[in-house]
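*Asks:* how does the following fold in three dimensions:
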Amino acid sequence: MDITNIGAFSLVVITALVYLGFLHRVLDRMRLTKIQALVILLAMLAAGFLPNIPLYAGLSVNIGGALVPVAIAIYLIVTADTLAEKRRAVITSLIVAIVVFLTEKLLPMEPTSAAFLVDPLFVPSIVAAITAYLLGRSRRSAFIGGVLGVILTDVFAWLENIWFNQLNVPIVLGSTGVYGAAVISGMGAVLLAELVGEILERLQGGHRV
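*Replies:* Presented below is the predicted three-dimensional model:
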């Protein structure tokens with residue numbers, strides 16, 4: 001199963017969970033209603049088929065895979081309750097970007113042995129989701145870190161090509177649309193935060209954002 005199929009499956013599962021009301025607590029904490037969430041998911045899906053928008057020197061952006069998720073992340077930052085939470089979301093995004101960028105440098109681009117069980121295409125999403133959750137902890141910060149972290153990783157790669165390698169290599173932010181690493185990592189981070197947060201709440205009787 002390639003990353004596009006994983007992304008499509010993830011989108012279907014998330015949409016179904018939202019529609020059936022299983023993620024109402026997550027939506028409440030992300031300041032979104034069920035209708036808003038469904039509209040956003042459908043907008044991301046539809047916009048993913050629109051032409052990419054060229055920006056500068058080979059850099060372009062996919063509307064469904066980058067612009068819409070980034071707009072949601074910015075909205076979540078702006079509507080965060082405290083300055084500390086806003087700062088945490090931004091710092092989480094930067095650290096996720098650095099971790100994913102270094103991971104792509106250190107790990108092989110192709111599996112080299114039968115022990116390499118994870119397709120390298122999935123590694124950025126997995127690393128971003130785990131890192132975003134561990135640093136952001138809240139559902140909102142985890143989603144923001146997952147999305148912005150992966151987008152910033154692509155920006156870092158573009159800057160590296162332009163400044164250090166003197167190469168004009170085309171890079172598309174959110175290149176595979178709604179099925180791409182940014183969307184998958186954002187969804188993965190928030191679902192991880194929800195799962196672990198729910199377990200901790202039940203064990204500790206505490207309250208998590």
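*Asks:* counting by contacts, list what the strand or helix carrying L45 packs against.
*Replies:* According to DSSP states H and E, L45 maps onto helix 34-47. Contact analysis of helix 34-47 by 3 or more Cβ pairs under 8 Å, 6 or more residues apart in numbering; DSSP states H and E lists helix 3-20, helix 24-29, helix 68-78 as its packing neighbours. C-beta here means a position set from N, CA and C on the backbone, and glycine is covered the same way.
*Asks:* cutoff 10 Å now
*Replies:* Where contact means 3 or more Cβ pairs under 10 Å, 6 or more residues apart in numbering; DSSP states H and E, helix 34-47 is packed against helix 3-20, helix 24-29, helix 68-78, helix 181-204.
*Asks:* need the CA coordinates for the longest one. PDB is fine.
*Replies:* The C-alpha coordinates for helix 181-204 follow below in PDB (Å, rounded to 0.1, in the frame of the first residue of the first chain):
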ATOM      1  CA  ALA A 181       2.800  13.700   4.600                       C
ATOM      2  CA  ALA A 182       1.700  17.000   6.100                       C
ATOM      3  CA  VAL A 183      -2.000  15.900   6.400                       C
ATOM      4  CA  ILE A 184      -1.200  12.400   7.500                       C
ATOM      5  CA  SER A 185       1.300  13.600  10.200                       C
ATOM      6  CA  GLY A 186      -1.200  16.200  11.500                       C
ATOM      7  CA  MET A 187      -4.000  13.700  11.700                       C
ATOM      8  CA  GLY A 188      -1.700  11.100  13.200                       C
ATOM      9  CA  ALA A 189      -0.400  13.400  15.800                       C
ATOM     10  CA  VAL A 190      -3.800  14.500  17.000                       C
ATOM     11  CA  LEU A 191      -5.100  10.900  17.000                       C
ATOM     12  CA  LEU A 192      -2.100   9.800  19.000                       C
ATOM     13  CA  ALA A 193      -2.600  12.700  21.400                       C
ATOM     14  CA  GLU A 194      -6.300  11.700  21.800                       C
ATOM     15  CA  LEU A 195      -5.500   8.000  22.400                       C
ATOM     16  CA  VAL A 196      -2.700   8.500  24.900                       C
ATOM     17  CA  GLY A 197      -4.500  11.500  26.500                       C
ATOM     18  CA  GLU A 198      -7.700   9.400  27.000                       C
ATOM     19  CA  ILE A 199      -5.700   6.600  28.600                       C
ATOM     20  CA  LEU A 200      -3.900   9.000  30.900                       C
ATOM     21  CA  GLU A 201      -7.100  10.800  31.800                       C
ATOM     22  CA  ARG A 202      -8.700   7.500  32.800                       C
ATOM     23  CA  LEU A 203      -5.600   6.400  34.800                       C
ATOM     24  CA  GLN A 204      -4.900   9.700  36.500                       C
END
